[in-house]
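Q: Dropping the sequence and predicted coords here.
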Amino acid sequence: MGNRIIIAICFLCFACQISWSQEEKEETKKVPKKEKVTEEKVTEETKKEESVLKVENAVVVKEKKGIDPLSPSKAAFYSAILPGLGQAYNKKYWKIPIVYAAMGTGIYFYISNNKNYNRYRSAYKRRLAGFMDDEFQGIVADNNALIDAQEFYQRNRDLSLLLTVVAYVLNIVDANVDAHLLQFNVSDDLSLRPHIDQNEIDFNRNLGLTLNFKF
């Protein structure tokens, strides 16, 4: 009886050792698989980061534009040939109606004042010639009034012509200056910005300017 008990105990110990050895082998087989999965994830993440960096660098390179020194002169030349064409060259299309409105107003008043000036002038000439059939008979009896009307409309006509010329010149200047400003460097390499600092001792706010200059 005692021998049977000893044999049974030895058999149980042997069976337990076999099961433990099998479990250890299974665990050792599973560990390298996990390591491989983590390594694959790390490589994929690094590849994604590298691709993002490449895309960001490409975008930065595309945003940098070259400076064309002939652009302002081209814009001024186009506006001199046809008013508003320089603004279209600078892609400031909203300025074209303003240019034509200013010049059109000056031309309209020039034509209107010149027409009235010629009316009073022709009436005055006919009266000096002895004719009494002008359009101002019964309205303007004095010849001096006709002279005053001529001077009034002549002065307004000349002023309208001057304003039209000024609008034409401003159209050229605007196109030239606008082309210069479009190429002006507004990057962070050279910037002047206001800032507000709080004093840690008396808690007062101090105003100042920061100048950034990078090579």
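A: Perfect, I can see it now.
Q: This structure: strands as residue ranges?
A: Assigned strands in the chain, in chain order: 190-198, 205-213 (criterion: DSSP state E).
Q: model confidence over the last one, on average?
A: Spelled out, it's strand 205-213. Here the mean pLDDT over strand 205-213 is 67, rounded to a whole number.
Q: Repeat that for the first one.
A: Rounded to a whole number, the mean pLDDT of strand 190-198 is 68.
Q: At which residues are the helices of the chain located?
A: Taking DSSP state H as the criterion, the chain carries its helices at 2-63, 71-81, 85-89, 96-128, 143-182.
Q: who's in contact with L170?
A: Going by Cβ atoms under 8 Å, 6 or more residues apart in numbering, L170 touches A102. Glycine gets a C-beta too; all of them are placed from N, C-alpha and C.
Q: try the one 3 residues further on
A: Taking Cβ under 8 Å, 6+ apart as the definition of contact, the neighbours of V173 are A76.
Q: cutoff 10 Å now
A: Taking Cβ atoms under 10 Å, 6 or more residues apart in numbering as the criterion, V173 is in contact with A76, S79, G86.
Q: Nearest to N176 among the residues you listed?
A: Closest to N176 out of the contacts of V173 is A76 (4.1 Å), distances taken as Cβ to Cβ.
Q: For that closest one, which non-adjacent residue is closest in space?
A: N176 (4.1 Å; Cβ to Cβ, 6 or more residues apart in numbering).
Q: swap in F136?
A: Leaving out its chain neighbours, the residue that sits closest to F136 by Cβ to Cβ, 6+ apart is A123, at 5.0 Å.
Q: Same question for Y93.
A: Here the nearest residue to Y93 in space, its sequence neighbours aside, is Q87; by Cβ to Cβ, 6+ apart that works out to 6.9 Å.
Q: Tell me, how many residues neighbour that neighbour?
A: Counted with other Cβ atoms under 10 Å, residues neighbouring Q87 total 24.
Q: any idea how far it lies from A101?
A: Q87 sits 13 Å away from A101 when distances are taken as Cβ to Cβ, to the nearest Å.
Q: What is the neighbour count of S71?
A: Neighbours of S71 using other Cβ under 10 Å come to 17.
Q: check contacts around the nearest residue to it once chain neighbours are set aside.
A: If the residues on either side of it in the chain are set aside, S71 comes closest to A179, at 4.8 Å by Cβ to Cβ, 6+ apart. If a contact means Cβ under 10 Å, 6+ apart, then A179 has 68, 70-76, 78, 86-87, 89-90, 92 as its contacts.
Q: Can you flag the buried ones in these?
A: With neighbours counted by 16 or more other Cβ atoms under 10 Å, the contacts of A179 contain buried members at S71, P72, K74, A75, A76, Y78, G86, Q87, Y89, N90, K92.
Q: pLDDT score for the first one?
A: The reference is to S71. S71 carries a pLDDT score of 85 in this model.
Q: now the last one
A: Here, the pLDDT recorded for K92 equals 92.
Q: where's it relative to A179, distance?
A: Noted for K92: a distance of 10 Å to A179, by Cβ to Cβ.
Q: shared neighbours of the two, which are they?
A: The overlap between the contact sets of K92 and A179 (Cβ under 10 Å, 6+ apart) consists of A75, G86.
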